[in-house]
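Asks: Have a look; sequence and predicted model below, questions after that.
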Amino acid sequence: MGGEEEVEEKECGALDCLIYSFEEITAKATYKMDAKIKVKRKSHGKVKESTAIYGTRLPIGYTRTCNCPPTRINCLSAKEWLKSQIGVWQFFYESRDIRDKTIHPATFPITLAKKVMELFTHQGELVIDPFAGSGTTLVAAQDLNRNAVGFDLQGEYIDLCKKRLATNQLFNNAQQLAIQDDARNISKYFEPETVSLIWTSPPYANLLNRARKNKSRRDRKNEQLGKVEQYSQDERDLGTMNLETYTVAMGDIYENMLPLLKPKGHCVINVPDMWWENKRITIHVSLIEELRKRGYELRNVIIWDRTNIVNKVGIFGWPSNYITMGVTFEYLLDFWRPAAK
């Protein structure tokens, strides 16, 4: 089916559809709740893809609103900068964080997202999260007065993003938007060289697309044991792909986003490695190699030390096969867009 139907009036609630009224948007509001607005309804009938701004350039800020000198890459003091140079980071969860894996199976602390944003952006600049999930990036951006746009395939996660932003109740001059769309379409929404940071924790290939059976879960009561925690079985979902297919798909997505980054704008990806059929799958190595092919330059590899937030651990491989516990650390891969020569 092709073409478009007539423009119609649609009543939009806060959590039932993704409709934005940019004419009436305020510094606080990231979407217009309970407002009658015009939408173009596409013939396939997907409401969240049938808005006036779906797939078009977003009217969102991307320039600094702080008073930092133009040569500085962030607003940090010298003392804060020095602390950030340590290549092993540790974070704690707070009350606003989502820990319930029945809500979302793979989350990270708000403090992690804030750390990355504080290091690579100024107030008022623009952050993209191509795999927004539960919306932690958007909440962190709201805390820090950064403009941010998050994308996700799943409508339930877009609803969750909007709910968390509404609950945060912070008033500043930045906007945070959650859009239900494929990350492959992100380049449609932004002008070139307007994005200061691409930050995300993406699906980890098919890590979650199998029943959870590891020993650390067998030895204790855990609702995750035996369950498949994969986000969806949508063929576009990177979490359904083997490593080779996943790596190429990630490369395609990030190649399309590269022109959106400002020169020397950073791109940070949080990934672990995983075990599959008794073999170590080095996701972080595959992504480093792929993004280098696509025009990114690797700047730093940071270790996220998770030992302080791991509940319990099991003994693996003793006494004949030494294996590090993957749940105790993950990688933060920091790339940038090289400046033109």
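Replies: Cool, the structure landed.

Asks: Checking residue 140 next. Helix, strand or coil?
Replies: helix (DSSP: H, G, I helix; E, B strand; the rest coil).

Asks: how about it, what does it touch?
Replies: Contact partners of residue 140, counting by CB atoms under 8 Å, 6 or more residues apart in numbering, are 110, 113, 114, 117, 146. (Each C-beta comes from the backbone N, C-alpha and C, glycine too.)

Asks: Recalculate using a threshold of 6 Å.
Replies: Going by CB atoms under 6 Å, 6 or more residues apart in numbering, residue 140 touches 110, 113, 114, 117.

Asks: With residue 295 instead?
Replies: residue 258.

Asks: so when I look at it, I'm seeing a strand, right?
Replies: No. Residue 295 is assigned coil when assessed by three-state DSSP, not a strand.

Asks: separation between it and residue 256?
Replies: Taking CB to CB, to the nearest Å as the measure, residue 295 falls 11 Å from residue 256.

Asks: thinking again about what came up before, find the pair from the contacts of residue 140 with maximum spatial separation.
Replies: 110 and 117 (10.5 Å; CB to CB).

Asks: Show me how the chain divides into domains.
Replies: Annotated domains of the chain cover 1-54, 60-336 [automatic domain parsing].

Asks: Pick the most buried one from those domains.
Replies: Ranked by mean neighbour count, the domains of the chain are led by domain 60-336 with a mean of 18 (mean count of other CB atoms under 10 Å).

Asks: averaged over its residues, what pLDDT does it have?
Replies: Taken as a whole, domain 60-336 has a mean pLDDT of 88.

Asks: So which residues of the stretch 51-200 of the chain form helices?
Replies: 78-84, 110-120, 136-144, 155-168 (DSSP state H, counting those that start in this stretch).

Asks: Could you grab the helix/strand/coil label for the closest residue to residue 201 other than its chain neighbours?
Replies: The shortest distance from residue 201 to any non-neighbouring residue, by CB to CB, 6 or more residues apart in numbering, is to residue 270 (4.0 Å). Going by three-state DSSP, the secondary structure assigned to residue 270 is strand.

Asks: How about the one 10 residues further on?
Replies: Here residue 280 is strand, with the state taken from three-state DSSP.

Asks: give me the beta-bridge partners of it?
Replies: Here residue 280 sits in beta bridges with residue 275, as judged by DSSP bridges.

Asks: Use 657 as the first number for this chain going forward.
Replies: Got it, the first residue is 657 from now on, which makes the last one we talked about residue 936.
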